[in-house]
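Could you work out the structure for the sequence below:
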Amino acid sequence: MAAEESMLDATALHDEGSPATTGPLPRETEFAERIIRRLNPQNQQQMFEMAARHSKVGGMLITLMIVVWWLLIGVKNDDMTAAPSVFFGLDFGEVALAVMTLSLLSAVLTELSRDMGKILPSTVAGGMLILAGLYVAEPMVSSLFLSQFDLTVGEGLYRTLRLGALWAGMSIGTNLIVNAMLLNWLIRFLDSNEMDFSGRGDTSQEMDARLMTGE
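Numbering: from 1, shown residues only. Model prediction:
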């Protein structure tokens, strides 16, 4: 009996000590797997290529939107004070900057909340998107249906088109840059924890991405 009790004690000590070797934090690993499932890289090498491509295209789009704002709004002979927005009384130049800022912030919050599983950032991003959409549609809608609005239909449509281009370009560009940052974090996470991305199998459409600890 004494020998059996000693064996049981040794087994219990072994079981109690085993959790100390669990490796990286489960929350970080789960975050990494969510990024892999959403962005769908086929292997670790493709992560580098996707990060470089997304950051380049995203930077190009945001730079292009700044140029569009500068050429078509900032230095254009437009009466900025004509028909100020009913939302906070901003003039057209301020509305354009607000649309760019709201698009950037909402894209950042949306992408981060999607992978982190947070509700509040996504809720704030939704409110920002609604406000940006109202700013974009306001000139055209007001020139069509409000007689006191100091813009012709053509001027209202042109303003809406410019604001819409800024909204779409900033949102897409920011989305790509955030994805590049997430991929860069994922690459560093895999390297620092000596983990390998096993890729996706071709035999099943429901195959999940898997992270494996390197030997």
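
Please enumerate the helices of the protein.
For the chain, helices defined by DSSP state H occupy the ranges 2-17, 26-39, 44-69, 92-116, 119-145, 153-192.

Save the ones you listed as a markdown table, and put in mean pLDDT and distance to Asp79 too.
(Each C-beta comes from the backbone N, C-alpha and C, glycine too.) Listed next are the helices of the chain as a markdown table, based on pLDDT from 0 to 100; distance: least, CB to CB, whole Å:
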| stretch | mean pLDDT | distance to Asp79 |
| --- | --- | --- |
| helix 2-17 | 43 | 75 |
| helix 26-39 | 81 | 45 |
| helix 44-69 | 92 | 17 |
| helix 92-116 | 88 | 8 |
| helix 119-145 | 89 | 13 |
| helix 153-192 | 91 | 9 |
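
right, and these - which one's nearest Met80?
Closest to Met80 of those is helix 92-116 (CB to CB; 4.5 Å).

the inter-axis angle of that closest one versus helix 153-192?
In terms of direction (axes from the mean of the first three to the mean of the last three CA atoms, to 10 degrees), helix 92-116 departs from helix 153-192 by 30 degrees.

buried sites along helix 92-116?
Going by neighbour count (16 or more other CB atoms under 10 Å), the buried part of helix 92-116 is 92, 95-96, 98-100, 102-115.

Can you tell me the closest non-neighbouring residue to the residue nearest to the spatial centre of the chain?
Most central in the chain under CA atoms, centre = their mean is Glu111, positioned 2.7 Å from the mean C-alpha point. Once flanking residues are discounted, Glu111 sits nearest to Val178: 4.2 Å by CB to CB, 6 or more residues apart in numbering.
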